[in-house]
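Asks: Mind folding the following:
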Amino acid sequence: MGDLVAAVDHGTTSTRFMVFDHGGHVVAGAQVEHRQILPRPGWVEHDPVEIWNNTVQVIEKVMADTGLGPRDLAALGVANQRETTVVWNRRTGRPYGNAVVWQDTRTDALVGALASDDRGRLVRHRTGLPPATYFSGAKLRWILDNVPDARRDAEAGDAVFGTLDTWLLWNLTGGVDGGVHATDVTNASRTMLMDLETLDWDDELLAVFDVPRSVLPEIRSSAVPDGHGLTTATGPLKGPVPLTAVLGDQQAAMVGQLCLAPGDAKNTYGTGNFLLLNTGTTLVRSDHGLLSTVCYRFGDEPPVYALEGSIAATGAAVQWLRDQMGIIRDAAEIEALARQVPDTGGACFVPAFSGLFAPHWRPDARGALVGLTRFSHKGHLARATLEAICHQSRDVAEAMEKDSGVKLTVLKVDGGVTANDLCMQIQADLLGVPVSRPVVAETTALGAAYAAGLAAGHWTSTTELRDNWHEDRRWLPERSDEHRAAARDEWHRAVARALDWVEM
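Replies: I've put the predicted structure just below:
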């Protein structure tokens, strides 16, 4: 067995491959972006074949640059963007079109109809999720109903469904030559098709969405001591390497941040923001717009649950400034631009490009930029974008405190946006509590590696992992309660103006 652990970390905008040593330090890594395909307003797609090819590319690069071979790796973990939906033919390996991304809103009519009757209540009770375009069950139904041959082949057992973990797992373990069609409980819990208590596909929910059971992957634990019985069988890791862990990216970040005890919380700043609170083996149902979800399940141990606040557009708002508006050339430029001004000059930006997720769950909302005057310039818009990221996280933190009774004393943060020191200071100011960034800010890959290494015996306990966690920087609140209250009032007024924009 090798003395290193690796992770494939596939996110909304890119795929990376990272290798870690026993101390949790990064040995090597490579990353490549994939295209964001926007064929119509509200539609967001990815090319699954491009994503698989990119996965092979980053693995090959790391192995070539380091001289490592498969036998140097004790285990491999996979973390993935959740909810994004792929249907492919198990015999040919070809997808039935592009993947429908979690941000996509084409299913708004379907979920709107579900939310208005008893079917919506069934979905909420069984899955811990509100009927929403966010989740993959409705996306799967849309593909089966609208893509030629998809339903016919699904009912014949030839077409299969998966979120991106399942697609990558199937390809890594052989593809058309015996690839394993499976998912883990964290990803399955985001489909609107799995019962949170039984951890199995629910026949009543399958009937609601008109999904044949034969199209669905087997649900397994997030990490299993003997692996999933899986080893890499294709590509540059053919060797093989034990594939011992699969987690949705936000749950992987919880493991990477060592949020393994009830009451532990973290916030990941990526394309969207995802604030999770570990509730232990207790399934807490939200009354304030949060999601109840599986945090992880290791082996045959009871599942650990979480409350989650999912925010659709945070880093995506920065990308919008770069790609659609041309205000910045690189995402990193936003901090310097925002520092040109002391405040937003009265401007407020609500980036509800795909509606508002937690805690509002308003698919009728759309992006709004309000409070502009002739004085406003791109520096004010840049700062308003950073403030929008932090206001949305404060909205979720407030809902989480109401549901759980747990008041944040410090917020652990990770993800690409945490490199923006100004944004993290704004976050501390708006929360009124310290914000803590670890040395390894990209904790999604680290969490997948930790779960894989624990399952493989590379690490003997979570206590050993805790010794690896080190703080890189802490931001303390600098604003007064009065300033915070005024900023929050302005934000709430701006959100109100973003609602009721789309007729549902």
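Asks: Low-confidence ranges, the chain, go.
Replies: In the predicted model, the chain carries pLDDT under 70 at residues 1, 226-235, 504.
Asks: Next, the distance between the ends of stretch 366-381.
Replies: 17 Å (Cα to Cα, to the nearest Å).
Asks: for the residue located most distally from the centre of the chain, helix, strand, or coil?
Replies: When each C-alpha in the chain is compared with the mean C-alpha position (Cα atoms, centre = their mean), residue 374 comes out farthest, at 38.1 Å. With DSSP: H, G, I helix; E, B strand; the rest coil as the basis, residue 374 sits in coil.
Asks: for this protein, what's the longest helix?
Replies: helix 378-404 (DSSP state H).
Asks: List the buried residues in stretch 14-22.
Replies: 14-20 (16 or more other Cβ atoms under 10 Å). Backbone N, C-alpha and C define where each C-beta goes, glycine included.
Asks: After the longest helix of the chain, which helix or strand is next? Please name it.
Replies: Later in the chain than helix 378-404, the nearest helix or strand by DSSP states H and E is strand 411-414.
Asks: Run me through the strand neighbours of that following strand, direction for each.
Replies: Sheet pairing here is set by DSSP bridges, and for strand 411-414 it gives strand 265-269 (parallel), strand 435-438 (parallel).
Asks: which residues make contact with it from outside it?
Replies: 253, 256-257, 259, 264-269, 397, 424, 427, 431, 433-438, 441-444 (Cβ atoms under 8 Å, 6 or more residues apart in numbering).
Asks: Go ahead and build a ChimeraX selection from the buried members of these.
Replies: Selection of buried members from those for ChimeraX, criterion 16+ other Cβ under 10 Å:
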select :253,256,257,259,264,265,266,267,268,269,397,424,427,431,433,435,436,437,438,441,442,443,444
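Asks: From residue 485, how far off is the closest residue to residue 348 other than its chain neighbours?
Replies: The spatial neighbour of residue 348 that comes closest, neighbours along the chain excluded (Cβ to Cβ, 6 or more residues apart in numbering), is residue 494 at 3.9 Å. Distance, residue 494 to residue 485, by Cβ to Cβ, to the nearest Å: 15 Å.
Asks: Show me which of the two is the more surrounded one.
Replies: More crowded of residue 494 and residue 485, by other Cβ atoms under 10 Å: residue 494, with 20 against 10.
Asks: correct me, but the more buried one touches residue 347?
Replies: No: between residue 494 and residue 347 there is no contact, the gap being 9.2 Å when judged by Cβ atoms under 8 Å.
Asks: Could you report the neighbour count for residue 205?
Replies: 20.
Asks: Against residue 251, how distant is it?
Replies: 21 Å.
Asks: ok, residue 128 to residue 195 distance?
Replies: In this view, residue 128 and residue 195 are 10 Å apart by Cβ to Cβ.
Asks: more crowded one of the two?
Replies: residue 128 (27 against 18).
Asks: Identify the residues contacting the more buried one.
Replies: Contacts of residue 128 by Cβ under 8 Å, 6+ apart are 189, 196, 283, 285-286, 291-293.
Asks: Just the buried subset of those residues, please.
Replies: 189, 196, 283, 286, 291-293.
Asks: Save those residues as a markdown table, and put in distance to residue 315 too.
Replies: Converted to a markdown table, the buried ones among the contacts of residue 128 look like this (distance: Cβ to Cβ, whole Å):
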| residue | distance to residue 315 |
| --- | --- |
| 189 | 23 |
| 196 | 28 |
| 283 | 30 |
| 286 | 24 |
| 291 | 20 |
| 292 | 25 |
| 293 | 21 |
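Asks: In strands only, show me these.
Replies: 291-293 (DSSP state E).
Asks: Now distance to residue 323 too, for these, in a markdown table please.
Replies: Listed next are those as a markdown table, based on distance: Cβ to Cβ, whole Å:
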| residue | distance to residue 323 |
| --- | --- |
| 291 | 28 |
| 292 | 34 |
| 293 | 30 |
